[in-house]
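Peer 1: Here is a sequence together with a model predicted from it:
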Amino acid sequence: AFSRADAAALSDERLLEEQRAFAAARRLVDAGAAAVAAEIAARSDRSLGAAGLAQGRGARTPEALVAQLTGVSVRDARTLVSAGELVSAPAPGLEPLAAAVTSGDLSVEAALAVKAGLGDSDAVDPDARADAAQRLVREASGLTLEQLAARAREAGAALDVTDVPRREEQLRQRRFLTLTPLPDGMTRLSGLLDPESAAVITTAVDAATAPQRGGPRFVDPTTAPEPHADDTRTVPQLLLDALVDLITVATHADTGRVLGSKRVGVRVHVSHRDLSTGTGYATIDGQTAPISIATAHRISCDTGLIPVLFDSDGRILNVGRTQRHHTARMRIGLAARDGGCTIPGCTRPPDWCEAHHINHWHRDHGDTSTNDGVLLCRHHHQLLHTKNW
């Protein structure tokens, strides 16, 4: 075993290298465990009845037996079984995932995330799916599991745009909200939000809590309240209070008036060609699952469109040195181009970012332009200026 004292004796670089080494070892161990779990599942097939391995050992399912043997949750055991089945009998086009798991280059969780993201549409050529899988395997080492899953979903949408509406509806059908009274008088709130619902609620809560959290930079400075110095609430408490406030405002609204005069700032990015032809897909700021063109049409019908034109060099709209701050239209363009904080590994969406001059406006006489500007979250923006990144 490697102790905390062993880790404390290492230099920074060696410490990070040690973490990578343990991660590589774990991937190999998990690959072996997945292979064993898949074989346990095969020997526990329902057709075998009581003669199956799992039921013969008193377990209702092979996942329950794997969980009992390994001490992990049934959910994690199910992951091992699924990964083992992927490796032993990959579907056409997923062979690169099986090879990467076997060699220890890809974790079992990452492989299943890529598989889910690429989808199982019969309309996709297996060679095209294999190319996408191979590309994602190469990119995986520099990405978190969430980022890899997002790229896999984007790749899956590009492979078969006609399947996007079906997958969007699958996510929508999984949405739910439950309120569970607890014995101590509290109530547990739990649920799942489909991408569009998540965008509406997240944007509204972000806007309400932004001043206290150092949040979205695209808020109106004339209307955003100042944070209170004596506010001792935690961020999760701020989020709940904001949600309650929003619901309270809605329930106090005049029933004789039509709601919605002030829209929640949900941005949908879609190409003009796709919107015109009805084919392709769109994306929502801060959400990683593609949405259908039909959904983009519905949102644009309600809230309108803002054209953002790109030339072949990616330029949008520049104001040179006539002003220091990026305009609202330029920020929209940066959001469409960058998709959020541009630092690798950062997942902050555009509304949590500030527009940074690559060449300092005053010191280096940089231009206020989209070509000389990038989106950075406040944390990384500060690091860039204070830590000489």
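Peer 2: Alright, I've got the coordinates.

Peer 1: any weak-confidence spans in the stretch 201-350 of the chain?
Peer 2: Scanning the stretch 201-350 of the chain for pLDDT under 70 picks out 210-230, 253-265, 302-304, 306-326.

Peer 1: For it, just list every one of the strands.
Peer 2: 268-269, 283-284 (DSSP state E, counting those that start in this stretch).

Peer 1: Not counting stretch 67-76 itself, show me its contacts.
Peer 2: Stretch 67-76 is contacted from outside by Ala33, Ala59, Thr61, Glu63, Ala64, Val66, Ala77, Leu80, using CB atoms under 8 Å, 6 or more residues apart in numbering. All C-beta atoms are positioned from the backbone trio N, CA, C, and that covers glycine.

Peer 1: so where does the residue lying closest to the third one once chain neighbours are set aside fall, helix or strand?
Peer 2: This points to Thr61. Distances taken as CB to CB, 6 or more residues apart in numbering place Ala54 nearest to Thr61, at 6.1 Å, with adjacent residues excluded. Assigned by DSSP states H and E, Ala54 falls within helix 53-56.

Peer 1: my guess is the residue nearest to Thr61 contacts Ile40, does it?
Peer 2: Yes: counting by CB atoms under 8 Å, Ala54 touches Ile40, with 7.1 Å between them.

Peer 1: Roughly how far does the residue of the chain positioned farthest from its centre sit from Lys387?
Peer 2: Most distant from the centre of the chain: Ala51, at 43.2 Å, with distances by CA atoms, centre = their mean. In this view, Ala51 and Lys387 are 64 Å apart by CB to CB, to the nearest Å.

Peer 1: cool, and Thr162?
Peer 2: 47 Å.

Peer 1: if you count what's nearby, which of the two comes out ahead?
Peer 2: Thr162 (12 against 8; other CB atoms under 10 Å).

Peer 1: could you say what helices and strands the helix holding Ala54 packs with?
Peer 2: helix 62-70 (3 or more CB pairs under 8 Å, 6 or more residues apart in numbering; DSSP states H and E).

Peer 1: May I see the buried residues of the very next helix or strand once past the helix it packs on?
Peer 2: Downstream of helix 62-70, the next assigned helix or strand under DSSP H and E is helix 74-88. In terms of neighbour count (16 or more other CB atoms under 10 Å), helix 74-88 has its buried residues at Asp76, Ala77, Arg78, Thr79, Leu80, Val81, Ser82, Ala83, Gly84, Glu85, Leu86, Val87.

Peer 1: cool, stretch 159-170 as well?
Peer 2: For stretch 159-170, by 16+ other CB under 10 Å, it's Leu159, Asp160, Val161, Asp163, Val164, Pro165, Arg167, Glu168.

Peer 1: Sheet partners, orientation included, of the helix or strand where Glu354 lies?
Peer 2: Using DSSP H and E, Glu354 sits in strand 353-357. Strand pairing for strand 353-357, using DSSP bridges, gives strand 373-377 (antiparallel).

Peer 1: Could you check the angle the biggest helix by length in the chain makes with helix 74-88?
Peer 2: Secondary structure assigned by DSSP state H gives helix 12-42 as the longest helix of the chain. If you take axes from the mean of the first three to the mean of the last three CA atoms, to 10 degrees, helix 12-42 sits at 80 degrees to helix 74-88.

Peer 1: Nice, that's everything, thank you.
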